[in-house]
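> Sharing a model that was predicted from the sequence below.
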Amino acid sequence: MSEFQLYADEFCEADQVDLVGFSCRDTKHGRYCTEWILGPDAMESIANYGTKVWLFRNATGQIVGYGSVGTVRWRWPLPDGSYTSLLYIPMLGIDRRFQGQPPDAQWRYSRQIMNHLIAEANSLNRERKKPSEYLLLLVDPKNEAAIKLYARFDFELLPGVTRGLGHRVMKHRLYQ
Amino acid sequence: MSRTETPDAPLENTNTSLMRMILSLHGTQQQAFIAALTECSDQLRANSERLMAIIDDPKSLPGDKGRAWHTLLDQFRLLPDTEGRYGMDLAQSEAGAAEKFPSLQAEVEKMNSQEVQFADRLRKLMKAKHITQKQLAERIECTQPAISQMLNRKCRPQRATLEKIAVALQVDVRKLWPDIEVVDYLDSVVEFGRDGQVMSDAMANALRDDSQPQSPSHGERLPSWKEVKQNGE
């Protein structure tokens, strides 16, 4: 096994102490990601919406990053108006020390994390009577690195769809 | 990152001298000592046992025994300060150091999440303006437990609540939460996950458009670090 192998465990309150010093960089995007996991949002999302959050560690136990997968029930617009369940990635982040690492693309941390989240989304889908066709995520349109990364995992920007402060939505059509 | 391991049976390996010493302490001090010993690192516990051996050794001089005893209590911060307080409050210590050395202020702030800073700022502002949790709750039309949760970092206030608090305390909203864009983004993430919302036409069209091929990727689940550690691999 490579020294760059990541490990994933579901995030729980007891893990919060391990996150002291965790920072996804002091950029606008970095601060969103840092605050979500260090503040109460992650725990609230787990408690209130059943979101699954994982901490990713390297072999020595250092926290490399985190990721999450949640489900949401939205209504189609009228006249249909029925509910549809969707899977989405509320947030993911990589600690500044591990961003762009390791140089070997096969073991790149971002790649391992995305692969894990897609596997978990597929696994959640298999447990459902009516599987979700898409896995969605929100992205800041100025965060080109993130858009490139998601595109590598078959995420496409939804045309004409913006949320909140002009954030874009991307969709990944899950393997059925 | 350094980690302090908490053993499953924390006092099982504690030597008999140390146990006798624990039993000789009075109620509160005994509880505090046991708590400290349970949570301390292996190194600190080994130090305690060395000091206890000095106290227990009949050949030790009375002065050495006294110093060992003092060091033992001091290393677990069980000796009161001049105001009769035990231990050191980390936040107080950081704030004090940052006051003495302004260059540390930025570092201290970076260590805390914004939400932690918000709770501290709100507490200070309420104290300075002599406003109780109940009064603030009335002014912003929420409940006192909601204010308590914010102060105790149990929930993050939404942008609208922050603005109401800022008006109630007559301060700029950035005094409460300087990086207001973070709040806006986190609010939009919460909003995205809200059940029951009606999707926009553009969103519905994009989801009904099935021209995107299914991704061939099944993903790959990562192994559990906790399981690997537990199995001693």
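Thanks, I have the structure now.

> Let's see the pLDDT reported for residue 16.
Picked chain A for this. In this model, residue A:16 is scored at 86, pLDDT.

> try chain B instead
For residue B:16, the model assigns a pLDDT of 60.

> Same question for residue A:150.
Confidence score, pLDDT, at residue A:150: 97.

> One more: the one 10 residues further on?
Looking at residue A:160, its pLDDT reads 91.

> Quickly find the element holding it.
Using DSSP states H and E, residue A:160 maps to strand A:155-163.

> and that strand, C-alpha only, in PDB?
The C-alpha trace of strand A:155-163 is given here as PDB (Å, rounded to 0.1, in the frame of the first residue of the first chain):
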ATOM      1  CA  PHE A 155     -19.600  16.800 -12.900                       C
ATOM      2  CA  GLU A 156     -21.200  19.300 -15.300                       C
ATOM      3  CA  LEU A 157     -22.300  22.800 -14.600                       C
ATOM      4  CA  LEU A 158     -26.100  23.300 -14.800                       C
ATOM      5  CA  PRO A 159     -26.800  26.000 -17.300                       C
ATOM      6  CA  GLY A 160     -28.600  29.100 -15.900                       C
ATOM      7  CA  VAL A 161     -28.800  27.700 -12.300                       C
ATOM      8  CA  THR A 162     -27.400  29.900  -9.500                       C
ATOM      9  CA  ARG A 163     -27.900  29.700  -5.800                       C
END
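
> can it be found next to chain B?
Yes - using C-beta under 8 Å from any C-beta of the partner chain, strand A:155-163 comes into contact with chain B via A:156, A:158-161, A:163. The way it works is simple: take the backbone N, C-alpha and C, and place the C-beta from them, glycine included.

> And stretch A:5-15, by the same measure?
Yes - counting by C-beta under 8 Å from any C-beta, contacts between stretch A:5-15 and chain B involve A:5-9.

> Can you list the residue ranges for helices in chain B?
Ranges of helices in chain B, per DSSP state H, are B:16-24, B:27-39, B:42-56, B:62-75, B:90-100, B:102-111, B:114-128, B:133-139, B:144-151, B:159-169, B:173-176, B:180-192, B:201-208, B:225-230.

> just checking, what packs against the shortest one?
What that stands for is helix B:173-176. helix B:114-128, helix B:159-169 (3 or more C-beta pairs under 8 Å, 6 or more residues apart in numbering or on different chains; DSSP states H and E).

> For the ones you listed, give me CSV that also has mean neighbour count and distance to residue A:120.
Shown next, in CSV, are those (neighbours: other C-beta atoms under 10 Å in any protein chain shown; distance: least, C-beta to C-beta, whole Å):
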stretch, mean neighbour count, distance to residue A:120
helix B:114-128, 17, 27
helix B:159-169, 18, 31
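
> circling back: and which of the residues of strand A:155-163 next to chain B is nearest residue A:19?
residue A:163 (26.8 Å; C-beta to C-beta).

> Good, we can wrap up now.
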